[in-house]
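Participant: Next input, structure requested:
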Amino acid sequence: MALEYQIIPPENFKDISWKNGQGTTRELRVCHGDVGEGFLWRISRAQVTCNGPFSDFSGYDRILVLLAGKGMDLFHQESEGCHLCRAFDLVGFSGDWKTRAFLKDGPVEDFNIMTKQGHCTAKVTVFNSFGENELAVDARHLLVYAPYHETLMEGPDGEIVLLPPGHLFDLKGPVSLPWKIKGEGVICIQIRFS
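Facilitator: Next up, the predicted model:
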């Protein structure tokens with residue numbers, strides 16, 4: 001059976017303003033679902049150019065991956081802080097928390113995964129160093145994004161997919177078989193529904 005996937009080019013991504021009006025984010029993919037206002041899940045990337053508060057995303061869980069820059073510290077009013085020091089470091093936290101970002105040495109770029117609490121969750125795997133890796137998949141949606149390098153993917157049926165740099169691979173599930181991922185700086189997102 002043929003896989004139902006799309007490869008979405010960067011020109012299809014959409015720039016939108018931050019909720020707090022202090023910047024913009026590039027939305028790669030969003031699923032609105034049937035949750036009233038807001039969205040079910042969203043993936044995006046953004047430049048953070050100055051210290052300041054994160055937008056309020058109460059009701060969502062967030063995973064942040066550092067893409068570029070010399071690092072960023074996050075401080076949460078409700079929990080201990082965390083530190084993103086190197087490219088492809090990642091951290092998860094609640095969008096309910098009041099969070100402030102402090103840049104270590106100049107602007108950074110980050111990658112954001114948000115999922116609506118009580119509806120779905122995201123499992124994020126990052127393959128930072130170049131090589132071939134096997135990704136165990138058990139999800140309703142598999143998304144793969146490598147911002148800087150070409151990625152070679154092999155599906156469970158042997159189908160080969162070449163993902164150009166900066167493009168997004170989007171496979172609708174359910175998916176429950178392993179994929180082989182060959183590349184560098186590859187972010188794999190599995191969306192699971194509650």
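
Participant: so what's the nearest residue to Ala136 once chain neighbours are set aside up against?
Facilitator: Leaving out its chain neighbours, the residue that sits closest to Ala136 by C-beta to C-beta, 6 or more residues apart in numbering is Pro178, at 5.3 Å. Where you see a C-beta, it was placed from the backbone N, CA and C, and this is true even at glycine. Pro178 makes contacts with Glu134, Leu135, Ala136, Val137, Pro156, as judged by C-beta atoms under 8 Å, 6 or more residues apart in numbering.

Participant: How much space separates Pro178 from Ala139?
Facilitator: 12 Å (C-beta to C-beta, to the nearest Å).

Participant: Enumerate every residue touching Asp15.
Facilitator: With contact taken as C-beta under 8 Å, 6+ apart, Asp15 is in contact with Thr24, Thr25, Arg26, Glu27.

Participant: If we use 7 Å, what do you get?
Facilitator: Thr24, Arg26 (C-beta atoms under 7 Å, 6 or more residues apart in numbering).

Participant: Name the next helix or strand following the host helix or strand of it along the chain.
Facilitator: Following DSSP states H and E, one finds Asp15 within strand 14-17. Next along the chain after strand 14-17, taking DSSP H and E as the criterion, comes strand 24-31.

Participant: now the strand holding Asp15: how far from the chain's centre is it?
Facilitator: Centroid separation between strand 14-17 and its chain, computed with C-alpha atoms, centre = their mean, to the nearest Å, is 16 Å.

Participant: Take that strand, keep the C-alpha atoms, and write them as CSV.
Facilitator: The C-alpha atoms that make up strand 14-17 are tabulated as CSV, following Å, rounded to 0.1, in the frame of the first residue of the first chain:
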residue,chain,number,x,y,z
LYS,A,14,3.6,31.0,6.7
ASP,A,15,4.9,33.9,8.7
ILE,A,16,2.7,34.9,11.6
SER,A,17,3.1,37.4,14.5
